[in-house]
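Colleague: Predicted model, plus sequence, below.
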Amino acid sequence: MTPTSQAAAMPPASRASATSPAALVDERWQLFHRWGPLTLLVFSALLSAATAEAVGMEAGEWGLAAGLIAGALLLQLWWNPAARTRPGPTPAGAAYYFLRWAIAFTLSWLNPFFVFYAVTGYFGSERLLVRRLVPVGLFATAVVMAGAQSGGFPPPGRGAWMLFGAMLAVNVGLLVVFSHIANKEEERNRFQDRTIDQLEEANAALQQALDENAALHAQLLVQAREAGVADERRRLAAEIHDTIAQGLAGIIAQLQVVANTPDPTRAREHLDRAAALARQGLGEARRSVHNLAPVALEHDALPRALSKTVTAWSERTGVRAEFTLTGTAEPLHDEVEATLLRIVEEALSNAARHAAPTRLGVTLSYMAGEVALDVRDDGRGFDPLALPARTRAGGFGLPGMRARAERMAGTLTVESEPGGGTAVSARVPLVGDER
């Protein structure tokens, strides 16, 4: 199989899916198969006319040649539109091929210079003939080529026949060599096609794995959030049971004693104890309520709620404070918004109680797959390593802020040094509102 016939034999579906350079080459071969035989026929006719006297063509032979040339023209004009509707080897294609060969053989018999038209038999054999007829067509073309190369048909004398045999052997040998090269090239192209298909399959599998990994990551985030919510509910239930409920039980017990004693001094003593238990229970209730859904988020999205919180804190403390939003704000899940707001509230509370700043800034940044929250002040600062696990003034302190961020699969970092201010930075995944 020659490279040219291989290119011409490509079916339309293959040509449509070929790369741009291959499609361009295929289009040029199509042009050659339509107009190449006509061009070579005209060239051969002109060359034969110029050499007619040298090869001894007679008037009758020229009449036959003219008829054959006209027949070749009509054959090609019939086949050009038919080839577009009959891709691949067909009986019509085989008839066209061998009729063209017969005309070329007869013309070459009349004048060897018509061999330029006969050479078209080397091109497009696999496009026109079934596989078992391809060697027959190529050999028949080699016979015409060898006859022209040895001086024309019939070979005059024994020496001319020997030369014809040698030329035929050379042509057949060249066909075998080029067919072998073309087959190796076809095998290499098939191997490359298989390799490309395997790479495409691997890329598709990798993309599918990435999609599945992204879906699993999102699922894990949801599960982590749900686990955090369940953990928070269990924590609140335990706190209510261990603190508020027990405090209320103690208050009831003290009031029952007051109701049943006639001694004013003893009654006063138990009233004082009930008041102390009430104050303690109120503190526990405030601490527990502090961890519930923020009221500030009932009517405002997170950016506006943070802006209002910072403004109110600035008016209350007299410290210059600014809120900055970067990126495009997106609706977040309620738990994510509540977590970030609580972190800001605790950071502002810590700054007011401990840092004595003159300026403070809160920045909320929406990034690809992540939300960042930064609270920075120019206060007195502290050594983070020397900070106790929980502050003594209530709230849940920096460890609690970190725990909140981690429950949302995020992180919280604190940078500070004595006299150098403080920076609290929280990073949580951007989990959208699923409602």
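Modeller: Ah, there it is. Residues are numbered from 1 along each chain as shown.

Colleague: Next, residue 127: phi, psi?
Modeller: Dihedral pair for residue 127: phi -80, psi -30, per degrees, to the nearest 10.

Colleague: got a pLDDT number for it?
Modeller: For residue 127, the pLDDT comes out at 79.

Colleague: Give me the distance between it and residue 133.
Modeller: 12 Å (Cβ to Cβ, to the nearest Å). Where you see a C-beta, it was placed from the backbone N, CA and C, and this is true even at glycine.

Colleague: Outline the domain layout of this protein.
Modeller: Taking automatic domain parsing as the reference, the chain has its domains at 3-154, 225-289, 295-429.

Colleague: Would you mind giving these as TSV with mean neighbour count and distance to residue 179 added?
Modeller: Formatted as TSV, the domains of the chain follow (neighbours: other Cβ atoms under 10 Å; distance: least, Cβ to Cβ, whole Å):
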stretch	mean neighbour count	distance to residue 179
domain 3-154	17	8
domain 225-289	14	68
domain 295-429	17	57
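
Colleague: quick one: the helices in the stretch 1-150 of the chain?
Modeller: Taking DSSP state H, counting those that start in this stretch, the helices of the stretch 1-150 of the chain run over residues 3-8, 12-17, 20-50, 52-55, 59-85, 91-110, 115-118, 125-128, 134-149.

Colleague: And the domains of the chain: which comes nearest residue 175?
Modeller: For the domains of the chain, the distance to residue 175 is smallest for domain 3-154, at 5.4 Å, taking Cβ to Cβ.

Colleague: thinking again about what came up before, need the domains of the chain in CSV with distance to residue 188, can you?
Modeller: Output for these, formatted as CSV (distance: least, Cβ to Cβ, whole Å):
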stretch, distance to residue 188
domain 3-154, 12
domain 225-289, 55
domain 295-429, 43
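
Colleague: Would you mind saying which of these lies nearest residue 168?
Modeller: Nearest to residue 168, of all those, is domain 3-154, at 3.9 Å by Cβ to Cβ.

Colleague: Off-centre distance for the closest one?
Modeller: 48 Å (Cα atoms, centre = their mean, to the nearest Å).

Colleague: that older thread, quick check: which of the helices of the stretch 1-150 of the chain is nearest to residue 400?
Modeller: Of all these, helix 12-17 sits nearest to residue 400, with 61.4 Å by Cβ to Cβ.

Colleague: Low-confidence regions, the stretch 1-150 of the chain specifically.
Modeller: Applying pLDDT under 70 to the stretch 1-150 of the chain flags the ranges 1-22, 54-56, 59, 82-87.

Colleague: same thing but at 50, please
Modeller: 1-18 (pLDDT under 50).

Colleague: distance of residue 93 from residue 117?
Modeller: 18 Å.
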